[in-house]
Structure formats: C-alpha cells, structure tokens
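Enquirer: mind folding the following:
(one chain, ligands or ions: 1)
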Amino acid sequence: MRRMREFEEVCRLGVAEKQIHGEVHLAMGQEAIGAALAGLLHDSDAMVSTHRNHLHAIAKGVPLYPLLAEIYEREAGLCGGFGGHMHLFDPDRNFSTTGIVGSTVSVALGHAYAARLRGDDAVAIAVVGDGSTNTGPFAESMNIAGAMRLPLVVVVENNEWAISVPFSETSATATIAERAPAYAAAGERVNGLEVTPTRAAIAAAIERARAGEGPSIIEATCYRFRGHYEGDLDLYRAEAEKQERRVSHDPLVLARAELLSVGIDQRQLNRIEDEAKDEMTALRTQVLNDPFPDPATARQHVFASGLDIRTEEIS
Ligand SMILES: Cc1ncc(C[n+]2csc(CCOP(=O)(O)OP(=O)(O)O)c2C)c(N)n1
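Expert: Numbering: from 1, shown residues only. Coordinates of the predicted model:
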C-alpha cells in the first residue's frame, strides 16, 4: 500500500511540474483495494481497469519502470509513450485499461468468454468506479455473464463520487452489491479501507468464477482523496469533509495503527515507508532521463498492421 501511495505521489509531482500532460486520475485513499488485489491473479487471468488505473496495474504485476515511463510519456513506456496514463496495456500480464466509463466491464466480459471458449480456468476481473455501474454496458455485460455463468468478477471501488455527482443521488439501490441477484451473480459489500476483508471477498469471487459458478460483484467502499483529476478544483465537496475523511478514511493510517496494535515495531514501519519513498523517487529520476518517442513515429500504431483496408476494398 505504501509503495502504491508513493508511486502515485511521483505521478502527482509529474503533473505539478508539467512533465505529465492531460488528465491524470489518482487513487489516493483507495490503496487497500489495490493491495487486496495484489497476488490473487495469474498472468493468464485478465484484469481490465479504468481511467483510475495505476494501483490495479501494480496489483497485476506490471513492472513499475515501463508503467511509470508510459505515464511520463517516454519511449521506454509500456506502449512506447504513445498512450500515457489512461491507456496502459501489458499483454504479457493480460492487463488493459479503457477510459470509456462502463466499457471496462464489457472488455472483461470478452476475456471471460474467451476463457470459456478456450476451456481453461482463467478468470477476468473488471475494476471500476461506482459511476460505471449506472451505465448500460455494466448492466448488459452483467446480464450476459449471469446468463452464461461466465468467470467474471467485477470489483467496484465505491468512492462515493463520479466526478461531481454523489453515488447516493444516482443509484436506485442503496448499495451496488444488492443488484447482484438480478444478474444471477454473487454480491458482497466490504469495507474497502481494510485489506483483509476486501481480499477475502475478492478471493472467494475468483474461486467461484474458476469453479464455473458464474459472476460476482464485490463492492468495496472507500473515499477519493484527490479531485477527480489533478487540477480539478473539487468545489463540490466541503473542505471540512475532505479534511476529516483524509484522516478517518486513510487505509494507510488504519493499516499502520493495526500493525502497531499487533506488536510490529514502529521503526520497522518507518523504514518500510522511507524505502518506498526512496524507491519511487529513484524510479522517477531514472524515467526523467529517458527520451520521448521520436516525433517521426507519431503516426505509427494508428491502424493495426497486416490489414490494408484500402487494398481489400479495391480487390
Ligand atoms: C462513456 C463515458 N461517459 C462519460 C465519461 C466522462 N467521465 C470520465 S470519468 C467519469 C466518472 C467516473 O466515475 P466512477 O465510475 O465512479 O469512477 P471514479 O472516477 O470515481 O474512479 C465520467 C463520467 C467517460 N469517460 N466515458
């Protein structure tokens, strides 16, 4: 969790110092869910994320160097610096993202169906925000997953807000998990500020999916600390509320208190925190020394190679 927080801290710095361009969505406050996901999946399982994706990439085992280099738009990045923060793809680890809200679930559904066609025991996880669950693609994908009992797990990070719109005003149900039976899915709502219950719920959903018992929705509650994106004025939430929540809802503060209470030495925790900070600072320094992609290559990767549509039309 600490490494995730420090990773995002160097992303925040990159925006503040104008080294990263475009909207960057940080997940500070949501690290317990990221940590809960870590190590649960095999490389052959698919994970599909959203615009708020850094922690999920880390959890899926995407190497940090090309991940940060992509976010910093460098040639050494996952996608050669062509995609940037919202377009992170690592085919080797079956990790992908989409900024199209709701469609994360549709892409994951495709992975789940592919696993069914292959006949293996791979699963697909979609990690989405609460706003995603109010879209058509979410409802359609969940319906098909339930109808075909596909190995799909949807983890919803309910951080209470979709940009400036509160979840409580836009959902017909008080929770997202309670919608699960309508899709013949299992549903569970957990405290997403705590790793242990969140991990247990996701692990059980993965087991269900692998055993052919169909889809699940795990709703993990949390609170977004930063604005929707870096630069968002975030005037829709009261300053006092934000300040209070940044303490009471900080998974790192809660985890530290829990570890101290079971006798973990304070100096050991301090050392872990310092090491994480040093690691990410060094990573950023290294990335900043990497070149940008050659502008002459800007038109590469626009179309899939090996398919000349014009020629096919003519012939
Ligand atoms: C189809 C679509 N509609 C609208 C948007 C604009 N948009 C970007 S993020 C966002 C809100 C997403 O909220 P939520 O799913 O709760 O995720 P969070 O940002 O809280 O992680 C919206 C509406 C979009 N990217 N895609």
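
Enquirer: so what's residue 176 up against?
Expert: 130, 133, 156, 158, 187, 189, 217, 219 (Cβ atoms under 8 Å, 6 or more residues apart in numbering). The C-beta positions use only the backbone N, C-alpha and C, and glycine is treated the same way.

Enquirer: between those residues, which sits nearest the ligand?
Expert: residue 130 (4.3 Å; Cβ to the nearest ligand atom).

Enquirer: on that earlier part again, so which of the contacts of residue 176 sit within strands?
Expert: 156, 158, 187, 189, 217, 219 (DSSP state E).

Enquirer: out of the residues you listed, which is most surrounded?
Expert: Highest neighbour count within the ones in strands among the contacts of residue 176, by other Cβ atoms under 10 Å: residue 217, with 30 neighbours.

Enquirer: whichever strand or helix holds residue 277 packs against which elements?
Expert: Secondary structure from DSSP states H and E places residue 277 in helix 266-288. Counting contacts by 3 or more Cβ pairs under 8 Å, 6 or more residues apart in numbering; DSSP states H and E, helix 266-288 is packed against helix 2-16, helix 64-71, helix 251-261.

Enquirer: for residue 292, what are its contacts?
Expert: Contacts of residue 292 (Cβ under 8 Å, 6+ apart): 73-75, 81.

Enquirer: residues contacting stretch 108-119, please?
Expert: With contact meaning Cβ under 8 Å, 6+ apart, stretch 108-119 is reached by 46-48, 94, 121-126, 141, 144-145, 148, 150-152, 154, 209, 215.

Enquirer: which residue is the nearest non-sequential neighbour of the residue of the stretch 101-250 of the chain found nearest the ligand?
Expert: Residue nearest to the ligand within the stretch 101-250 of the chain (Cβ to the nearest ligand atom): residue 129, separated by 2.1 Å. Excluding its sequence neighbours, the residue lying closest to residue 129 (Cβ to Cβ, 6 or more residues apart in numbering) is residue 157, at 5.7 Å.

Enquirer: and the one you found, how far from residue 69?
Expert: Distance, residue 157 to residue 69, using Cβ to Cβ, to the nearest Å: 25 Å.

Enquirer: those two - which one has more neighbours?
Expert: The residue with more neighbours, out of residue 157 and residue 69, is residue 157; 26 against 23, by other Cβ under 10 Å.

Enquirer: am I right that the residue nearest to residue 129 is in contact with residue 132?
Expert: No: Residue 157 lies out of contact with residue 132 (Cβ atoms under 8 Å); the separation is 9.4 Å.

Enquirer: distance check, residue 85 against the ligand.
Expert: Distance, residue 85 to the ligand, using Cβ to the nearest ligand atom, to the nearest Å: 13 Å.

Enquirer: can you get me a residue count around that residue?
Expert: Neighbour tally, residue 85, other Cβ under 10 Å: 28.

Enquirer: tell me the phi and psi of it?
Expert: Main-chain torsions, residue 85, degrees, to the nearest 10: phi -50, psi -40.

Enquirer: mind pulling up the pLDDT for it?
Expert: For residue 85, the pLDDT comes out at 97.

Enquirer: contact partners for it?
Expert: Here residue 85 is in contact with 11, 20, 22-25, 53-54, 70-71 (Cβ under 8 Å, 6+ apart).
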